[in-house]
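Engineer: my questions concern the predicted model and sequence given below.
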Amino acid sequence: MTGAQERRIIDDMAAQPATVARLTIRELSALGDLEEVYALFDRIWRPDRSNPPVTVEHLRALTHAGNYVAGAYDGDELIGACVGFFAAPPGRSLHSHVAGVSSAARGRHVGFALKAHQREWALARGLSEITWTFDPLVRRNAYFNLAKLQARPSDYLVDFYGDMDDAINGGQGSDRLLTRWRLDAPEVVAACAAGGGTGAVEPPGAVPALTESPSGRPVAAP
């Protein structure tokens, strides 16, 4: 199969979520495109200059080695991007390192469309799972990852990145929840087929650990 044929298959299979989000998603490797990804992430995280989420050189090396970098476009404007690399065990897993969406594009299911594209990219390469970490104290992240995408929690990683000096993570610890996305699991297939524009379902067997009081404060479940 040629690279062009492979890209068409990925585009076709991921088309529904992208259509819902009214955008175009494509793999990126040209230096100018990677510079746009760096600039987008810089606007989102506003990091200390010594510790950006990614650098252009890092992205260049990843794409040259065959890893995953993709961008979501509204017309000619890059509004979201996702970066991942092959992980152990070889030939089975991809680790999704970072994904970000412009604040102006929130509510359009851009993140979901990017993950659907990443899933099809991984399946086209014979992979069976994607892993990533997220901040478990951000409720919208937990809802997106565990309910919308139907990923499953795997490990709680204490202070995983150490001190982080950026507009999103600064001033707090970097505890993370590692999730595993089994790409052919029935609930994942159904979630991706829904296109991201429908309500999420509670994962089977989920038990509430925290609920919310009328005042909005967390309440530990019995």
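Structural biologist: The structure has been received and is ready for your questions.

Engineer: could you use CA atoms for every contact and neighbour count after this?
Structural biologist: OK.

Engineer: what's the helix or strand for Asp42?
Structural biologist: According to DSSP states H and E, Asp42 maps onto helix 31-45.

Engineer: where does the most centrally placed residue in the chain land in three-state SS?
Structural biologist: Central residue of the chain (Cα atoms, centre = their mean): Ala99, 4.7 Å from the mean position. With DSSP: H, G, I helix; E, B strand; the rest coil as the basis, Ala99 sits in strand.

Engineer: quick one, what contacts it?
Structural biologist: Gly80, Ala81, Cys82, Val83, Gly111 (Cα atoms under 8 Å, 6 or more residues apart in numbering).

Engineer: closest to Gly205 out of those residues?
Structural biologist: When the contacts of Ala99 are compared for distance to Gly205 (Cα to Cα), Gly111 wins out at 25.5 Å.

Engineer: distance check, the residue nearest to the centre of the chain against Ile79.
Structural biologist: 11 Å (Cα to Cα, to the nearest Å).

Engineer: what of Gln150?
Structural biologist: With Cα to Cα as the criterion, Gln150 and Ile79 are 24 Å apart.

Engineer: I'd guessed Val188 sits against Gln150; true?
Structural biologist: Yes. Using Cα atoms under 8 Å, Val188 is in contact with Gln150, at 5.6 Å.

Engineer: okay, and the common contacts of the two?
Structural biologist: Trp181.

Engineer: quick one: which of these two has more around it?
Structural biologist: Neighbours were counted for Val188 and for Gln150 using other Cα atoms under 10 Å; Gln150 has more, 28 against 20.

Engineer: tell me the contacts of that one?
Structural biologist: Trp181, Glu187, Val188, Ala191, Pro203.

Engineer: now it, what are its backbone angles?
Structural biologist: The phi/psi pair for Gln150 (degrees, to the nearest 10) reads phi 60, psi 30.

Engineer: who does the longest strand seen in the chain pair up with?
Structural biologist: Longest strand in the chain, counting residues (DSSP state E): strand 77-87. Applying DSSP bridges, strand 77-87 is found paired with strand 68-74 (antiparallel), strand 93-101 (antiparallel).

Engineer: thinking again about what came up before, list just the nearest of the contacts of Gln150 to Val69.
Structural biologist: Checking those against Val69 with Cα to Cα, the nearest one is Trp181 at 18.1 Å.

Engineer: pLDDT at that closest one, what is it?
Structural biologist: As predicted, Trp181 sits at a pLDDT of 98.

Engineer: excluding its backbone neighbours, what's nearest it?
Structural biologist: Once flanking residues are discounted, Trp181 sits nearest to Ala151: 4.5 Å by Cα to Cα, 6 or more residues apart in numbering.

Engineer: lowest average confidence, helix or strand, in this protein?
Structural biologist: helix 3-13 (a mean of 49; mean pLDDT, DSSP states H and E).

Engineer: Ser93 touches Thr131, doesn't it?
Structural biologist: Yes. Counting by Cα under 8 Å, Thr131 is a contact partner of Ser93 at 7.4 Å.
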